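**Q** Provide a 3D model corresponding to the input given below.
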Amino acid sequence: MSLNTTAVRIKVTLKDVKPEVMRCLVVPLTLRLDRLHLTLQAAFGWTNSHLFEFLAGEARWGIPDPDGDFGPQPIDARKTRLSNIVQETGAKTIHYLYDFGDSWDHVIKLEKWFDNTTTEGLPFLLEAAGRCPPEDVGGAPGYAEYLDAISDPTHPEHEHMRLWGPEQFDPNVVDRKALEAAVNELSDIWKPRRRTTRSK
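**A** Sure thing, here's the model as predicted:
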């Protein structure tokens, strides 16, 4: 990675989930990890209602607990950029863990580097496959059970799960426009502001 590398294409796949849930995005290499977290929340369709961590090598990045009661603290994601992880660990694959109860493991592969390119309009969603599982469904094993239950009218949990989860849930149908709009909204919010000079 050269110093003039400005953006990277990432392929992010939910581990141990069938059918596949995958997102492909282009993000600035200087994106802070707390913002990468928000980008992945938007791209997948999560609700940003749980804790998260990024993992590469032996290191962990997240939001440190202000009370520090839960063992070794992660490195502050608000003060770390994606480029820092790459430079410090040499990682080409990073794990993004969302919801420590359900333990959704997103495998982030750094696929293609873009040099000397504008970062305007980034992050940008390129591809989306598979609908995001419902929050609090019990991780990958719970999601598999949920899909079994809603697809089989004779399943003992069929009615309960059908009423508990989103209406007409289809794991293969992605509302790409909604995901794109959510990601684009972030790129608009984070767009560098142009300084205006006051006339004397």
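**Q** quick one: mean pLDDT for stretch 181-200?
**A** Averaging pLDDT along stretch 181-200 yields 78.
**Q** share the number of residues neighbouring the closest residue to residue 138 other than its chain neighbours, please.
**A** Using Cβ to Cβ, 6 or more residues apart in numbering and skipping residues adjacent in sequence, the residue nearest residue 138 is residue 102, 6.3 Å away. From N, CA and C alone the C-beta is placed, and that goes for glycine too. Residues lying near residue 102 (other Cβ atoms under 10 Å) number 19.
**Q** wait, residue 102 sits on residue 132?
**A** No - between residue 102 and residue 132 there is no contact under Cβ atoms under 8 Å: 12.0 Å.
**Q** buried ones in stretch 40-55?
**A** Residues 40, 41, 42, 43, 44, 45, 46, 50, 52, 53, 54, 55 are the ones in stretch 40-55 that count as buried (16 or more other Cβ atoms under 10 Å).
**Q** just how off-centre is it within its chain?
**A** 5 Å (Cα atoms, centre = their mean, to the nearest Å).
**Q** and it, C-alpha only, in PDB?
**A** Taking Å, rounded to 0.1, in the frame of the first residue of the first chain, the C-alpha atoms of stretch 40-55 are listed here in PDB:
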ATOM      1  CA  LEU A  40     -21.500  -1.400   7.700                       C
ATOM      2  CA  GLN A  41     -24.600  -0.900   9.800                       C
ATOM      3  CA  ALA A  42     -26.200   1.100   7.000                       C
ATOM      4  CA  ALA A  43     -25.000  -1.300   4.200                       C
ATOM      5  CA  PHE A  44     -26.300  -4.400   5.900                       C
ATOM      6  CA  GLY A  45     -29.500  -3.000   7.400                       C
ATOM      7  CA  TRP A  46     -28.600  -3.500  11.100                       C
ATOM      8  CA  THR A  47     -30.100  -1.000  13.600                       C
ATOM      9  CA  ASN A  48     -26.900   0.000  15.500                       C
ATOM     10  CA  SER A  49     -28.300  -1.100  18.800                       C
ATOM     11  CA  HIS A  50     -25.400  -3.200  20.100                       C
ATOM     12  CA  LEU A  51     -21.700  -3.000  20.800                       C
ATOM     13  CA  PHE A  52     -19.000  -3.700  18.100                       C
ATOM     14  CA  GLU A  53     -15.400  -4.500  17.700                       C
ATOM     15  CA  PHE A  54     -12.900  -4.800  14.800                       C
ATOM     16  CA  LEU A  55     -10.200  -7.500  15.000                       C
END
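**Q** how is the protein partitioned into domains?
**A** 5-133+171-189, 134-169 (automatic domain parsing).
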